[in-house]
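J.: give me the fold of what follows.
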Amino acid sequence: MPISRITATAAAHSAILRLCADRGPVMFVQSGGCCAGSTPMCYPAGEFLIGAGDVLLGNIQGCPFYIDYALDQAWGEDSFQLDVAPGEPEGFSLAAGPGIHFVTRSATCSLKGQS
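T.: Below is the predicted model of the structure:
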């Protein structure tokens, strides 16, 4: 079994459990795109088509977390942490809860994806 490179804070775990209870399974994608590439996008499971350029970092509460290969190489991080922060989500991402969105953090940087 591969080693997971993604963990989550207690707040992110709680948000995922609420989302899954309300909407069903979800998935996360850390995109390399220009628009919301610095914030993880949360979708209903299977709604985002994963391609050969996506790397599975691991699962949180059974929900997969993918990152774009080129972005993963550019950041060069051994591990990431999923958290939540105040503010509405970007793009088509599901909210982590009322007035909060998911963020990705790492040992060397904190990516908040704020507008």
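
J.: and the helix or strand hosting residue 21, C-alpha only, in CSV?
T.: Element membership for residue 21 (DSSP states H and E) is helix 10-23. Taking only C-alpha atoms (Å, rounded to 0.1, in the frame of the first residue of the first chain), the coordinates of helix 10-23 have been written out as CSV:
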residue,chain,number,x,y,z
ALA,A,10,-9.5,18.0,12.7
ALA,A,11,-11.5,20.9,11.2
ALA,A,12,-11.0,19.5,7.7
HIS,A,13,-12.0,16.0,8.8
SER,A,14,-15.2,17.3,10.3
ALA,A,15,-16.0,19.3,7.2
ILE,A,16,-15.5,16.2,5.0
LEU,A,17,-17.7,14.1,7.2
ARG,A,18,-20.4,16.7,7.0
LEU,A,19,-20.1,17.0,3.2
CYS,A,20,-20.2,13.2,2.7
ALA,A,21,-23.3,12.9,5.0
ASP,A,22,-25.1,15.7,3.1
ARG,A,23,-23.9,15.1,-0.5
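
J.: show me what it is packed against.
T.: Applying 3 or more C-beta pairs under 8 Å, 6 or more residues apart in numbering; DSSP states H and E, we find helix 10-23 packed against strand 26-30, strand 54-60, strand 80-86, strand 100-106. Glycine gets a C-beta too; all of them are placed from N, C-alpha and C.

J.: quick one: mean pLDDT for it?
T.: Average pLDDT, helix 10-23: 96.

J.: for that helix, which outside residues touch it?
T.: Under the criterion C-beta atoms under 8 Å, 6 or more residues apart in numbering, residues 8, 26, 42, 44, 60-63, 82-84, 94, 96-97, 100, 102 lie in contact with helix 10-23.

J.: stretch 40-51 now?
T.: With contacts defined as C-beta under 8 Å, 6+ apart, stretch 40-51 is touched by 19, 23-31, 63-66, 82, 89-94, 96, 102-104, 113.

J.: filter those residues down to the buried ones and hand me the PyMOL line.
T.: Restricted to buried positions by 16 or more other C-beta atoms under 10 Å, the PyMOL selection for the contacts of stretch 40-51 reads:
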select buried, resi 19+26+27+28+29+30+31+63+64+65+66+82+89+90+93+94+96+102+103+104+113
